[in-house]
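Undergrad: I'll drop the sequence and a predicted model, then ask my questions.
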Amino acid sequence: MSDAISARATGGRYRWWICGLLFFATTINYVDRNALSVLKTTLQAHLGWTDIDYGWVTFAFTVAYAAAPSLAGRLIDRYGVKRSLAWALILWSAMAAAHGLVGTVLGFVLVRFFLGVAEAANFPASIKAVAMWFPQQERALATGVFNSGANIGVMVSFVTVWLAITFGWQSAFVAIGAIGVVWLFFWQRMFHPPEEHPRVSPAELDYIRAGQPPAREAIVVPWTQLLRYRQIWPFLIGKLITDPVWWFFLFWLPSYLERERGQNPLRSASLLALIYTGATVGSIAGGWLSGHLIQRGWAVGRARLTTMFIAAACMPGAIVAYYTDSFAVSVGLIALATAAHQAWSANLFTSAIDLFPARVSGSVVGLGSTTGGIGGMFMTLLAALAVQWTGNQQIVFVSAGLLHPLALLLFFLWLRGRFDPVDMARGVDTTRACVPLAIAGIVVMLIGIALTALIALNWETCVQAATLSGAATAVTAAAGVILIGVALIHAGVKKAG
């Protein structure tokens, strides 16, 4: 403890500069991805796009962003954070700039697809960097800080409208793509493993390690082994159930404010800025709270679950937000819900590196990001169908208020309130079949087949509600569920040797 006190007393805080770099990478990530949506009207006017054309462009990004994290996570574990995130940002910055160089729907589909592939590396790499650079009691706060860059990125992305008006839409895309070059300069100069960094004092290094081994060694653990660790499942299921809520807020709040609350687009934009400011505060506060409890002597599992409980308890406010007649109360409760989700997300992400060592955290977070993406893809269709069937978003708001408490219940029951880290050195015996995992795979595969059939049998209804691209997004997600089932079956069967 004396080393920890010394590290703080002597100003050993270089790790927070690293967190700042991750924050700006996440901000750039969201600016680049949201530029298309804020320039949608401009592009439709200049290029003659229809809503169907725009739907296929967004479909390309959504599919890539959901599918790529699992592969990205493995590459990050193999090649390291510094190299992997640098190449990812170079690619997504190049693809962001390339939006200004293409003029056809097919061209935009291609650049959006590769933008989604590259941006999928951001969260697995950032979480792994946090595991390398922060002791356990500070990891959730560091995650909350860099994760808040997503909210800032959404708000700052509206600057691209000014750029498009002033310099033309092509120049706007090129300009936001060029921002990544500036970040890359600082990343290459400032990021090294803490053991090798000249700016890290021995006292700070001892504080960072806090009794944990260095996290530099490259290792790739097959998915079939990772899926056999029971500790991975609360994280994967938590992402599957709760990420769709964020997707709903991100994509459907503007239409809710305009269609059901009667706000004009300019007023909606200002309200969204207020709501995402609340989300930023929630992300940081949620990360701070669990770390503060750990520093006060709480067990890691108890601190994380308590913070997640507080966040989940705030989410039913989204239901009240829909039904209240007071517009101010509605906006306040929506802001509270987005803040609670981001507080939840900071601790859910951190649970992955509480339970797994940093050397495999890229793969673990990548798998979780893929399950979250699949859940979000379904939300696109479900929200559209809800509006078509009922004329409002009531069903989705109710779901948004209940999914976090459900995920927390599953999380607690599965882990029994304890965070027992996996012993990667001990490994798992894959020469023996894991029958429960294989059975789970069969069930998941059957669910995926049923979802695919359900969408196919109601294809016209789905297309009318969510356009052809929205229906295609959902059926692609259903195919992803089938593939997950197959992967679970493969992970459950015994392997030779």
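TA: Yep, that arrived. Numbers count the residues shown, from 1 in each chain.
Undergrad: Residue ranges in the stretch 251-400 of the chain under the pLDDT threshold?
TA: Within the stretch 251-400 of the chain, the stretches falling below the threshold (pLDDT under 70) are 265-266.
Undergrad: Give me the nearest residue to the residue most central in space within the chain, chain neighbours excluded.
TA: A centroid search over the chain (CA atoms, centre = their mean) returns Ser369, at 5.9 Å, as the residue closest to the centre. Leaving out its chain neighbours, the residue that sits closest to Ser369 by CB to CB, 6 or more residues apart in numbering is Pro69, at 3.6 Å. (Glycine included, C-beta is placed from N, CA and C.)
Undergrad: Which pLDDT value belongs to the one you found?
TA: For Pro69, the pLDDT comes out at 94.
Undergrad: In this structure it contacts Thr371, no?
TA: No. Contact between Pro69 and Thr371 fails when scored by CB atoms under 8 Å: they sit 9.3 Å apart.
Undergrad: Give me the more crowded residue out of the two.
TA: When Pro69 and Thr371 are compared for neighbours, Pro69 comes out ahead with 29 against 23, by other CB atoms under 10 Å.
Undergrad: The more buried one sits in which helix or strand?
TA: Per DSSP states H and E: Pro69 is located in helix 51-79.
Undergrad: again, but for Gln44
TA: Using DSSP H and E, the element containing Gln44 is helix 40-47.
Undergrad: Now that helix: buried residues?
TA: Of the residues in helix 40-47, those with enough neighbours to count as buried (16 or more other CB atoms under 10 Å) are Thr42, Leu43.
Undergrad: and what of stretch 80-100?
TA: Using 16+ other CB under 10 Å as the test for burial, stretch 80-100 gives 80-82, 84-86, 88-89, 91-100.
Undergrad: picking up where we left off before, what distance do you get for the residue nearest to the centre of the chain to Gly107?
TA: According to CB to CB, to the nearest Å, Ser369 stands 27 Å off from Gly107.
Undergrad: re the thing from before, let's see which of the buried residues of stretch 80-100 end up in helices.
TA: Judged by DSSP state H, the subset of the buried residues of stretch 80-100 located in helices is 81-82, 84-86, 88-89, 91-98.
Undergrad: Quick check: closest non-adjacent residue to Phe59.
TA: Ser469 (4.2 Å).
Undergrad: pretty sure that neighbour is touching Asp53, no?
TA: No. Counting by CB under 8 Å, Ser469 does not reach Asp53; the two are 9.1 Å apart.
Undergrad: which residues of the stretch 351-497 of the chain fall in helices?
TA: 361-390, 394-415, 435-457, 459-492 (DSSP state H, counting those that start in this stretch).
Undergrad: relative orientation of the helix holding Pro69 and helix 361-390 in degrees?
TA: Helix 51-79 and helix 361-390 meet at an angle of 160 degrees, taking axes from the mean of the first three to the mean of the last three CA atoms, to 10 degrees as the criterion.
Undergrad: next one: the helix holding Gln44 to chain centre, how far?
TA: Averaging C-alpha coordinates over helix 40-47 and over its chain gives two centres that are 29 Å apart (CA atoms, centre = their mean, to the nearest Å).
Undergrad: again with stretch 131-149
TA: Worked out by CA atoms, centre = their mean, stretch 131-149 lies 15 Å from the chain centre.
Undergrad: helices and strands around the helix holding Gln44, which ones?
TA: helix 51-79, helix 169-190 (3 or more CB pairs under 8 Å, 6 or more residues apart in numbering; DSSP states H and E).
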